[in-house]
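[1] 3D model of this:
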Amino acid sequence: MQTNRIAFVSLIRTTFDVALATAVTDQARSTLAQAGYTPAGPAAPVTTLDEARAAAADFAGQPPDLLILFQATFADSTMAMAFADVLDVPLLLWAVPEAHTGGRLRLNSLCGINLAGHAFTRAGVRYHHLYAAPDDPAALTTIQMLAEAAGVRRRLQTARLGRVGEHPAGFETCEVHSAALRETFGVEVVPVDLQQQVFAGMPAADAAAVAAVEADLRGRVQQLDTLDAAASRRTLSAYVTLRQMADAQQLQGFAVRCWPEFFTEMGCAACGAMSLLNDSLIPAGCEADVNGTLTGLLLQWLSGTPSFGSDIVSVDADADALVLWHCGLAPLAMADPATTPGVTLHSNRKMPLLLEFALKPGRVTVARLSEATGTYRLVIGSGEMVRGVKAFSGTTGLLRFDRPAQAVLETILGEGLEHHISLTYGDYVPHLRALAHMLRLPVLML
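    Numbering: from 1, shown residues only. Predicted coordinates:
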């Protein structure tokens, strides 16, 4: 059963062929039902402005994620505008083709959404459009994609992210503007004190919980016994502390100041803790990069699988690919199944606990909520993670974008983008484009 809430309203002007309009409306409803949707909305077609206003008022108490205005026949824009005037939800204008009979124009559906789209544009209302038969599988694919993107938009309005400490000096890429995030997306950034809430909580972390995490990890990685056990357990206690904080404070993710204090004061690396959080569908990004963590959350919500925030550190000219790397915080779910994941020390600080593996091959979507221009925009890309020689220690992958690697790198450097990019497995470019449209975000394609 679908979890994204959609609503469906059929608009009919009774001077057109009501019987045919009713038939195509029933077909559209049947298509949605077969996909598992039970749309909200009036069972009967809306035929007057008063009926449209009443239906819009009914939605106001519990707005849908996506409202489908099914233009079963031509109508002027007033009924469509009755919904746009009172509902701040993504709108889909759906028109249907009709047979070229040489006789009467029975529906004139396409002209109806043309009028509505123009009225929406003049009023500053964002919308999506669809011209397809009610039983066209491509129509259902589009509706499902829009519903999923709209569901993410709705979830953003109540999202809470923990910002653990401040970003390091010189890392302007990790600056956060909490008020702007709240105003633009509804996201709340919750300050978390690194010393008093995380470091103080680690020694007091439930020993049985830490032992359970260690036992589970031991079954998934090799070489855990080669590392300093006490230091490794401190990393695992950081995971337990943050995981419990997420549950207690309803935090959907963390942006963590991972250095230098984890090394200098706690004698361990944060990377392994963040890997386990990512693997547990609690996105965690390093260097207190809130926008990066938020991007990971968007990707996770779309894919239903973990996301990973990475640096781009090199070009593999032979593979026409970019090398993604981070110390060791990728989720274990992304490990290449051809080898068993391992653990390692931080390459600079020589302390545990980090995960070590190459990312598995497969289709991926990458994204970044960027503020490089001073305003928000959504950077989107896609490609194939390919199997190759592991380039560096930690967690790393070889990503062959859908554009030449050098062209992608030129865009990143020429646009002055942030140094963190997030990825998830699967193709979610259409979803991200639709979400950006819903959120009024410009899009930059990599």
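[2] could I get the full set of helices for the stretch 151-300 of the chain?
    For the stretch 151-300 of the chain, applying DSSP state H, counting those that start in this stretch gives helices covering 178-185, 207-218, 229-249, 261-266, 271-279, 290-303.
[3] the longest one: how far from the chain's middle?
    In this view, helix 229-249 has its centroid 25 Å away from the chain centroid, taken as Cα atoms, centre = their mean, to the nearest Å.
[4] one more: the first one?
    Averaged C-alpha coordinates place helix 178-185 at 17 Å from its chain's average position (Cα atoms, centre = their mean).
[5] for Asp311, name its beta-bridge partners.
    Trp325, His420 (DSSP bridges).
[6] okay, now the nearest residue to Thr241 once chain neighbours are set aside: neighbour count?
    The shortest distance from Thr241 to any non-neighbouring residue, by Cβ to Cβ, 6 or more residues apart in numbering, is to Gly201 (4.2 Å). Every residue, glycine included, has its C-beta placed from N, CA and C. The number of residues packed near Gly201 is 16, by other Cβ atoms under 10 Å.
[7] test my guess that Gly201 contacts Ala248.
    No. When contacts are counted by Cβ atoms under 8 Å, Gly201 is not listed as touching Ala248 (10.9 Å).
[8] wait, Leu49 sits on Met79?
    Yes. Between Leu49 and Met79 there is a contact under Cβ under 8 Å: 5.9 Å.
[9] neighbour count winner among the two?
    Just comparing Leu49 and Met79: by other Cβ under 10 Å the higher neighbour count belongs to Met79, 26 against 14.
[10] now the more buried one, what are its backbone angles?
    Dihedral angles phi and psi of Met79 (degrees, to the nearest 10) take the values phi -70, psi -40.
[11] so what's it up against?
    The contact partners of Met79, by Cβ atoms under 8 Å, 6 or more residues apart in numbering, come to 11, 46, 48-49, 51-52.
[12] show me the shaky parts of this structure.
    Along the chain, segments meeting pLDDT under 70 span 1-2.
[13] quickly list the domain ranges of it.
    Using automatic domain parsing, the domain parsing of the chain gives 6-156, 160-445.
[14] start and end of the first one, how far apart?
    From the first residue to the last, domain 6-156 extends over 17 Å; the measure is Cα to Cα, to the nearest Å.
[15] list the contacts of the residue lying closest to Leu91 once chain neighbours are set aside.
    Nearest residue to Leu91, sequence neighbours excluded (Cβ to Cβ, 6+ apart): Tyr127, at 4.4 Å. With contact taken as Cβ under 8 Å, 6+ apart, Tyr127 is in contact with 84, 90-93, 116-117, 120.
[16] over to Leu66?
    Residues in contact with Leu66, defined by Cβ under 8 Å, 6+ apart, are 4-7, 89-92, 143, 146-147, 150.
[17] now with 10 Å?
    Contacts for Leu66 (Cβ atoms under 10 Å, 6 or more residues apart in numbering) come out as 4-8, 37, 39, 89-92, 128, 143, 146-151, 153-154, 434, 438.
[18] and for Leu69?
    Leu69 touches 7-11, 41, 46, 52, 75, 79-80, 83-84, 91-95, 112-113, 116, 127, 129, counting by Cβ under 10 Å, 6+ apart.
[19] what's the answer for Asp279, then?
    Taking Cβ under 10 Å, 6+ apart as the test, what Asp279 contacts is 217, 220, 239, 306, 308, 329-335, 355.
[20] how far away is it from Phe357?
    12 Å (Cβ to Cβ, to the nearest Å).
[21] what of Ser310?
    Distance from Ser310 to Phe357, counting by Cβ to Cβ: 13 Å.
[22] quick check: neighbours shared by the two?
    Here Ser310 and Phe357 have 330, 395-397 as joint contacts, going by Cβ under 10 Å, 6+ apart.
[23] now, those that are in strands?
    Mapping these onto strands (DSSP state E) picks out 395-397.
[24] ok, and the most crowded of the residues you listed?
    Within these, Thr395 tops the neighbour count with 30 neighbours, counted by other Cβ under 10 Å.
[25] neighbours around the residue nearest to that residue when sequence neighbours are not counted, how many?
    Closest residue in space to Thr395, ignoring its immediate chain neighbours: Ala330 at 3.5 Å, by Cβ to Cβ, 6+ apart. Residues within reach of Ala330, counting by other Cβ under 10 Å, total 32.
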